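S.K.: here is my input; please provide its structure:
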Amino acid sequence: MAEDGTAAERARARARAHGQVPDLVSLDMNLLVALDALLEEESVTGAAERMRVTPPAMSRTLGRLRRALGDPVLVRAGRRLVPTPRALELRPRVHAVVRQARELFAESAPVDPATLTRQFNIQASDPILTGLAPALIAAVAGQAPGVGLRFLPETLEGGPALREGGVDLEIGVLDHTDPETRVEPLAEIRMVAAVRRGHPLAGGRRVTARDFARADHISVSRQGRFHGPVDTRLAELGLRRRVAAAVPGYAAALFLCRDTDLVCLTPAGFGEHCPEALGLHTFEIPLDLPPLTIGMAWHPRNDADPAHAWLRDRVRSCRRPSAPPGEQRPVPPSPAGPVPEPSH
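M.R.: Residues are numbered from 1 along each chain as shown. Here you go, the predicted model:
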């Protein structure tokens, strides 16, 4: 069988050498479109009008087709042209190929959420998740019941995970994206401090920077860092705080605050009901800290994907632009690069 295959390959090579069988590499695929027109019109003039070329040009194309196929394709019968048996056999197949090629290069049809069946992997920190997920889940379920949202923790490195396809969308403070990653700002938020009820800083009086530095703190850092922008700002004031523990997420920090005298920072405007649900007291941080930019990031492979674009629109609609001033402020979409990290 291998010898027969080799002999067939040699025969095809000889045929190509004599111009009998076209090589797809050198074949002008426009010939298929012309062949489709000729077989439909059964007229050189009619095919020329359909292809918007001159009759002599279409006549030359017919000559190329005859040489490529080894068949006259159309032959004269009185004052008209009629297809050969080979042409009649090819007509439906050629038409199907041309139609499929046109569909291949046609603009993608708008996505219909009602018929969409897909799962999206979304990576987000816990305060973003608690603040955004309820509205996003409701919006998706109301429009696309066949779509599932799988929320992933921030333990994954967003850039590589986006590049490798493990994450479809990352939402949060984005500080580790790859150069090609698309980043769109969504909102600016500020941080507040949280302590247990009965904590010395929960008495209702104004907390000063010195009061703030005198308390023991929890650091929220995926990298386990004890030092961050808060410490830099305190140092500028000649102050220093003690960080007793570092945890990877805000949820763990809030639970620790509930059961200890530690102070933690938490985003205002995203998941602000969490401190309240745990019975925690929140207060303004007595430092001049810049707001944080919350954004979403995705790999450019998903730029033109209608389903992914639909999901991004749902996220934009759930960013809650009506939050009180200073708590969460939407920022206009832009092709910005990575935005600053929240703390450390």
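
S.K.: and the helices in the stretch 101-250 of the chain, which stretches?
M.R.: For the stretch 101-250 of the chain, applying DSSP state H, counting those that start in this stretch gives helices covering 126-143, 158-164, 209-214, 229-236, 250-259.

S.K.: output these as a markdown table; include the columns distance to L265, mean neighbour count and mean pLDDT.
M.R.: The C-beta positions use only the backbone N, C-alpha and C, and glycine is treated the same way. Formatted as a markdown table, those follow (distance: least, Cβ to Cβ, whole Å; neighbours: other Cβ atoms under 10 Å; pLDDT from 0 to 100):
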| stretch | distance to L265 | mean neighbour count | mean pLDDT |
| --- | --- | --- | --- |
| helix 126-143 | 10 | 19 | 89 |
| helix 158-164 | 21 | 19 | 77 |
| helix 209-214 | 11 | 16 | 96 |
| helix 229-236 | 7 | 16 | 95 |
| helix 250-259 | 8 | 19 | 92 |
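
S.K.: go through the ones you listed and name the closest to W310.
M.R.: helix 126-143 (8.3 Å; Cβ to Cβ).

S.K.: does D303 touch R182 like I think?
M.R.: Yes. Look at D303 against R182 with Cβ atoms under 8 Å: they come within range, at 6.7 Å.

S.K.: more neighbours: which of the two?
M.R.: R182 (18 against 11; other Cβ atoms under 10 Å).

S.K.: please look at that one and A304 and confirm they touch.
M.R.: No. Here R182 lies out of contact with A304, judged by Cβ under 8 Å, at a distance of 11.5 Å.

S.K.: which stretches of the stretch 201-344 of the chain have low pLDDT?
M.R.: Filtered on pLDDT under 70, the stretch 201-344 of the chain yields the residue ranges 269-272, 320-344.

S.K.: where in the stretch 51-200 of the chain is pLDDT low?
M.R.: Residues of the stretch 51-200 of the chain meeting the criterion pLDDT under 70: 107-108, 155-159.

S.K.: redo that, cut-off 90
M.R.: Applying pLDDT under 90 to the stretch 51-200 of the chain flags residues 68, 78-79, 100-111, 124-132, 153-165, 172-180, 187-190.

S.K.: that one: strands as residue ranges?
M.R.: Taking DSSP state E, counting those that start in this stretch, the strands of the stretch 51-200 of the chain run over residues 74-77, 80-83, 118-124, 147-152, 169-172, 182-189, 191-196.

S.K.: among those strands, which is the most enclosed?
M.R.: Neighbour counts (mean count of other Cβ atoms under 10 Å) averaged over each of the strands of the stretch 51-200 of the chain peak at strand 169-172, with a mean of 26.

S.K.: on contacts alone, who are the packing partners of that strand?
M.R.: strand 118-124, helix 126-143, helix 158-164, strand 292-298, helix 306-317 (3 or more Cβ pairs under 8 Å, 6 or more residues apart in numbering; DSSP states H and E).

S.K.: got the ones you listed as JSON lines, with distance to L201 columns?
M.R.: Converted to JSON lines, these look like this (distance: least, Cβ to Cβ, whole Å):
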{"stretch": "strand 118-124", "distance to L201": "29"}
{"stretch": "helix 126-143", "distance to L201": "21"}
{"stretch": "helix 158-164", "distance to L201": "34"}
{"stretch": "strand 292-298", "distance to L201": "22"}
{"stretch": "helix 306-317", "distance to L201": "35"}
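
S.K.: out of those, which comes closest to V98?
M.R.: Closest approach to V98 among the helices and strands packed on strand 169-172 (Cβ to Cβ): helix 306-317, 24.9 Å.

S.K.: what's next to that closest one, contact-wise?
M.R.: Helix 306-317 has contacts (Cβ atoms under 8 Å, 6 or more residues apart in numbering) with 108-111, 113, 116, 118, 120, 132, 136, 139-140, 143-144, 147, 168-169, 171, 184, 186, 296, 298, 302-303, 333.

S.K.: by how many degrees do that helix and helix 126-143 diverge?
M.R.: 120 degrees (axes from the mean of the first three to the mean of the last three Cα atoms, to 10 degrees).

S.K.: and helix 306-317, what's buried?
M.R.: Residues of helix 306-317 classed as buried by neighbour count (16 or more other Cβ atoms under 10 Å): A307, H308, W310, L311, R312, R314, V315.

S.K.: what about L311, distance to A139?
M.R.: To A139, L311 is 10 Å away according to Cβ to Cβ, to the nearest Å.

S.K.: quick one: contacts of stretch 73-93?
M.R.: 35, 38-40, 42-44, 62, 65-66, 69, 71-72.

S.K.: go again using 6 Å as the cut-off
M.R.: When contacts are defined by Cβ atoms under 6 Å, 6 or more residues apart in numbering, stretch 73-93 is touched by residues L39, E42, L65, R66, D71, P72.
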